[in-house]
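# Turn this into a structure:
(2 chains)
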Amino acid sequence: MTEPSAPQVHGVRRRVARFFARHPRAALGAQLSAPGGWLLIIYIGSLAALILTSLFRLVDDPTGLVTKLDTSIGFGNFDRVISQPVYRAVALRTLGAAATVTVIDAVIALPLAFYMGKVASQRARRMLVVAVTLPLWAGYLVKGYAWRALLDPGGGAFQEVFGHSLGFGYASSIVVLAYLWFPFMVIPLYAGFDRLPDSLLEASTDLGAKAGRTFVSVVVPQIVPSLVAGSIFTFSLTLGDFYMNRIVGGTTEFIGNIVYRQFSVDLPFAAAYAVIPIVIMVGLLLAVRRTGALDEL
Amino acid sequence: MYLSSSARWALRAFTALVLIVLYAPIVYVARLSVNTARNYAWPPRGFTFEWWQKAFHETGPREALLHSVQTGLTATAIALVLGTLAAFALTRAKFFGRNAVSLFIVLPIALPGIVTGIALLSGFERVGITVSFSTLVVAHATFCVVIVYNNAAARLRRLSPNLREASADLGAEGWQTFRLVTFPLMRTALVAGGLLAFALSFDEIIVTTFTAGIGYKTLPLWFADNFSRPNAIPTVNVVATFVVLASVIPVWLAQRLTDRPGSAV
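Below is the predicted model of the structure:
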């Protein structure tokens, strides 16, 4: 690597290197320009386009046969979203589903993550983390389809084995979504329990607290940030989902189904409806920023 | 914490139960793919590889698989470059707006898929681009960057700055330090990030629906078109099992390459 008499070939490269070494800001700029530019132009630009599109509207052509885009700014689409009961109902139903899925996942994940992070042996911990995360990657549609096969009221496993199946509907959507997003809740919780010092729990025991009391008074307050981080995942993922309704939800519709149905017919309206989850998520993220949960994401 | 042995056993039993519920549906689909019956009625009957053979010769799934691989590889390649650059910039320097930039990077997966999908679609429409293979790749690369960034940044944060200084003291310029010191140390993190990014792209359906355009079917899109057709059930079962194997293996490899067990999320 020693290049004593700095050959000509490397002259330019060396000068560039020296320039960046002396100007760290320029080096930073060079590193950041490609990913930053990509995200800014493509992603933030698209979000801006989405919000702009939501303010346009489709009008009938004078011929009445085709529609064209009227690019004057107006809030007509949002009026429709708010004033028409069906759109309000769908938005509320989606929010309800997101909250229910989050609660179900939290209730099941808490004891599991506690066992993984505080009770199991080191070897078992590593295996459990892999075991819990692997299904996450086993194909989103595949898992939905598997549940469809299990839940089918006409011959599915639940019907045949237990004599009863939830069938295809809202309840099934909730169960399957809770199943799908479960690992997103377990992993942050596990990380939270893993960080919790054992001495804290021992101190609680020494002071006479039983396991249940220690859990409620010592453990839970410490892992609230992890719980919030997991909830952000399960909530946001449910809020934006619409495929599971098509697979196991029967006629159930969430915000996403309306957006999907409308985007090829009336893009401005679909855009306006899609702004709802953005507002909810941004509001939620701002609200939980104080808990420190965002560092856990 | 002191736990009575019955409490321990209860936790163990609960964990086992949850794991069974997590895996049962996936195992069930794999079982169905070698089922002799043409439906998914319980209980599965017989054992045959007939559907695997038939599915292998069907053009629909094969073409869709090819498209998924094309999309995944291209998007992952872009994400590797952009994600690594972002990780370098955001872990090594403190600057005004750093937190804002790191928030922007996570945004494509923090916001619901439907938002990302329709936002990109309206962005493309606004500037007059028709959705096609290239818009699909751009969309996938946008959320894959996050995965590569997370893996690369985690590794960089743990690398001692002394290494870079030592390299500089020995006369290496920035690029040489990267090529001979930093890159070899972060190679496994990049491979892991790339594998996870590919797996994410391979499985993505929501953003894909909006940005793929008509006629370009990835494997998830093929799946979505066919899962409810009674005639297609045997092929769907085979494709489903194949997808599970094709996504789980790279992720399992990725987890072996990183010492951070939770990094897959």
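# so which residue of the stretch 1-150 of chain B comes closest to chain A?
Chain A sits closest to B:Pro112 of the stretch 1-150 of chain B, with a gap of 2.0 Å, by Cβ to the nearest Cβ. (Glycine included, C-beta is placed from N, CA and C.)
# Poorly predicted segments of the stretch 151-265 of chain B, please.
B:259-265 (pLDDT under 70).
# May I ask which helix or strand encompasses residue 88?
Chain wasn't specified; assuming chain A. helix A:85-114 (DSSP states H and E).
# actually it's chain B I care about, not the one you picked
helix B:59-92.
# So which bits of that helix are buried?
Neighbour counts using 16 or more other Cβ atoms under 10 Å in any protein chain shown place B:61, B:64-65, B:67-69, B:71-72, B:74-80, B:82-92 of helix B:59-92 among the buried residues.
# before we move on, back to that, from the contact counts, what lies against the helix holding A:Arg88?
Using 3 or more Cβ pairs under 8 Å, 6 or more residues apart in numbering or on different chains; DSSP states H and E, the elements in contact with helix A:85-114 are helix A:76-83, helix A:170-195, helix A:220-239, helix A:255-262, helix A:267-288, helix B:5-32.
# What is the last one packed up against?
In other words, helix B:5-32. Using 3+ Cβ pairs under 8 Å, 6+ apart as the test, helix B:5-32 ends up in contact with helix A:85-114, helix A:122-133, helix A:140-151, helix A:170-195, helix B:233-257.
# Take the ones you listed and lay them out in a markdown table including mean neighbour count and distance to A:Asp61.
Below are the helices and strands packed on helix B:5-32 laid out as a markdown table (neighbours: other Cβ atoms under 10 Å in any protein chain shown; distance: least, Cβ to Cβ, whole Å):
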| stretch | mean neighbour count | distance to A:Asp61 |
| --- | --- | --- |
| helix A:85-114 | 19 | 26 |
| helix A:122-133 | 17 | 53 |
| helix A:140-151 | 25 | 39 |
| helix A:170-195 | 23 | 39 |
| helix B:233-257 | 21 | 42 |
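# By mean pLDDT, show me the worst of the ones you listed.
Mean pLDDT is lowest for helix B:233-257 among the helices and strands packed on helix B:5-32, at a mean of 84.
# Mind giving me the packing neighbours of that one?
Against helix B:233-257 (3+ Cβ pairs under 8 Å, 6+ apart) you get helix A:122-133, helix A:140-151, helix B:5-32, helix B:50-57, helix B:183-203, helix B:219-226.
# and the fourth one with helix B:59-92, angle?
Think helix B:50-57. 80 degrees (axes from the mean of the first three to the mean of the last three Cα atoms, to 10 degrees).
# next one: the second one
Between helix A:140-151 and helix B:59-92, the angle formed by their directions is 120 degrees, by the same axes, to 10 degrees.
# residue ranges with poor pLDDT in chain A?
In chain A, residues with pLDDT under 70: A:1-10, A:64-66, A:290-297.
# so which residue of it comes closest to chain B?
A:Gly240 (2.0 Å).
# Could I get the contacting residues of that residue?
Taking Cβ atoms under 8 Å, 6 or more residues apart in numbering or on different chains as the criterion, A:Gly240 is in contact with A:Ile255, A:Gly256, A:Pro277, B:Leu111, B:Pro112, B:Gly113, B:Ile114, B:Val115, B:Ile206.
# Recalculate using a threshold of 7 Å.
A:Gly256, A:Pro277, B:Pro112, B:Gly113, B:Ile114, B:Val115 (Cβ atoms under 7 Å, 6 or more residues apart in numbering or on different chains).
# next one: B:Ile20
Contact analysis of B:Ile20 by Cβ under 7 Å, 6+ apart lists nothing.
# Since that was my last question, I'll sign off now.
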